[in-house]
Structures are given as structure tokens and as C-alpha cells.
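J.: Sequence first, predicted coordinates after that:
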Amino acid sequence: MSKKAVRIQEVEKTFFTIITTVLISCLFVLPSFAAENYTIKKYIKDRGLKNARVVAPGRLKIDGTRLICGKRPTVFDPTLDDYGGAFDGFIILNPRLLKRLPRQVKIWIYSHECAHQFRGPDEATADCFAIKRGVRRGWLKEDGMKQICKFIWSAPASHMHPPGPERCAYMKRCFASVQKKK
Ligand SMILES: [Zn+2]
């Protein structure tokens, strides 16, 4: 087995460990770690998804709001043990978990995953990017900011994320910073 193949296997193992143990976080696999050209098609096959829904870039609508993340398509995976995730090049959403959430929280999750596409793996950066984008594009209001904090509050810290209340406080600062500039 080539060195590269071993590495890919390790990454995949880590991937599935992460998504089965961490909730309200997300996964992002860096391009340098991910299998080259890891595609939605391969993801669907690896996950054993049947009739997986794939939405082309620019075609996604969440509760009536059209969303775009550059040229990245979205795949719906109801078996994912988290609300969303991202591989370099595409976004994963779990429709089974998302449907219970308020509209602005859903869109924030999508935008957080989108942020990883442009800003890399840092979770705080992705949180803030999503908040700022929400304010600028008009889908995030004060009540939505509260809903996001409520949603994230009980999330435990992980090796990738600070605890929920800390994430909330940081995002509130991001929210306020864009409000001032408006
Ligand atoms: Zn994330």
C-alpha cells in the first residue's frame, strides 16, 4: 500500500470518528489531507447513501432563502451524525437534524460550512464569517443571533471548538462589528 493510500485511510478513519462523536460542530477536511479529487460522488458511495439529494451551486434554497457558496454543490446526508460538514469542494447538510431548527440557524450552519471553503479549518473564523455574511446579506437579525446562541450554548468544547458560550460571545462581537459598519 502506498504511503498516500495509508494517509487517506487514516483521514477517513478520523473523519468517521469525528462525525460520530461530535455534535453541533462540523467537519472540514483540508485539501492537503483529503484524497485528491474527493468528490460528492465518492462521498455518496463511501457513505452508502441511497437516492442522495445533490443540489447544484446556486440552486440551494433553505426555507425560501436562496443560498450560494461559490461553485460548491451541496449533498444532503440524513445519516450524518452532525448538522453539517464540508470537504474541500462541497458542503454536506443533514436534513433530518436541520428541519428542527429555526430558519436563521439553518442558514448560519450552511454559511459556516461555506466559510471553511474560503477560510480554511479554523472554527472561530468560520463562525464569524457566517455571522458577518448573514448581517450583510440580510438573512440574520438580532432574533436569529439569539437563536444561534441558544443552539450552540450546550455544545461541549472539542479539540476543534471552544465551548458553546464562548462561541456565542465571539459571534456576538462579530455581529456587533458589522452592525456598526452598516
Ligand atoms: Zn466548522
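T.: Perfect, I can see it now. Numbering: from 1, shown residues only.
J.: tell me which helix or strand of this protein sits lowest on mean pLDDT?
T.: helix 3-21 (a mean of 41; mean pLDDT, DSSP states H and E).
J.: residue ranges for the strands of this protein, please.
T.: 28-29, 54-55, 60-62, 65-67, 74-76, 84-87, 90-93 (DSSP state E).
J.: Make CSV out of these and add mean neighbour count.
T.: Just so you know, the C-beta spots here come from the backbone N, C-alpha and C atoms, and that holds for glycine as well. Rendered in CSV, the data for the strands of the chain read as follows (neighbours: other C-beta atoms under 10 Å):
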stretch, mean neighbour count
strand 28-29, 22
strand 54-55, 15
strand 60-62, 15
strand 65-67, 15
strand 74-76, 22
strand 84-87, 25
strand 90-93, 24
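J.: Please convert those strands to TSV, extending it with distance to Gln104 and mean pLDDT.
T.: Rendered in TSV, the data for the strands of the chain read as follows (distance: least, C-beta to C-beta, whole Å; pLDDT from 0 to 100):
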stretch	distance to Gln104	mean pLDDT
strand 28-29	22	56
strand 54-55	20	98
strand 60-62	10	97
strand 65-67	9	96
strand 74-76	18	97
strand 84-87	15	89
strand 90-93	15	94
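J.: could you dump these to a markdown table with distance to Asp46?
T.: Converted to a markdown table, the strands of the chain look like this (distance: least, C-beta to C-beta, whole Å):
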| stretch | distance to Asp46 |
| --- | --- |
| strand 28-29 | 12 |
| strand 54-55 | 15 |
| strand 60-62 | 22 |
| strand 65-67 | 25 |
| strand 74-76 | 12 |
| strand 84-87 | 11 |
| strand 90-93 | 12 |
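J.: For the ion, find the nearest of the ones you listed.
T.: Taking C-beta to the ion as the criterion, strand 28-29 is the member of these that comes nearest to the ion, at 5.5 Å.
J.: and the most centrally placed residue in the chain, what pLDDT?
T.: In the chain, the centroid-proximal residue (C-alpha atoms, centre = their mean) is Glu113; its distance is 2.7 Å. We have a pLDDT of 92 for Glu113.
J.: That one against Gly85, yeah?
T.: Yes - at 6.7 Å, Glu113 and Gly85 qualify as touching, with contact defined as C-beta atoms under 8 Å.
J.: now for the strands of the chain, which one comes closest to Leu101?
T.: strand 60-62 (10.0 Å; C-beta to C-beta).
J.: List the contacts of the closest one.
T.: Applying C-beta atoms under 8 Å, 6 or more residues apart in numbering, the contact partners of strand 60-62 are 66-68, 74, 98, 103, 106-107, 110.
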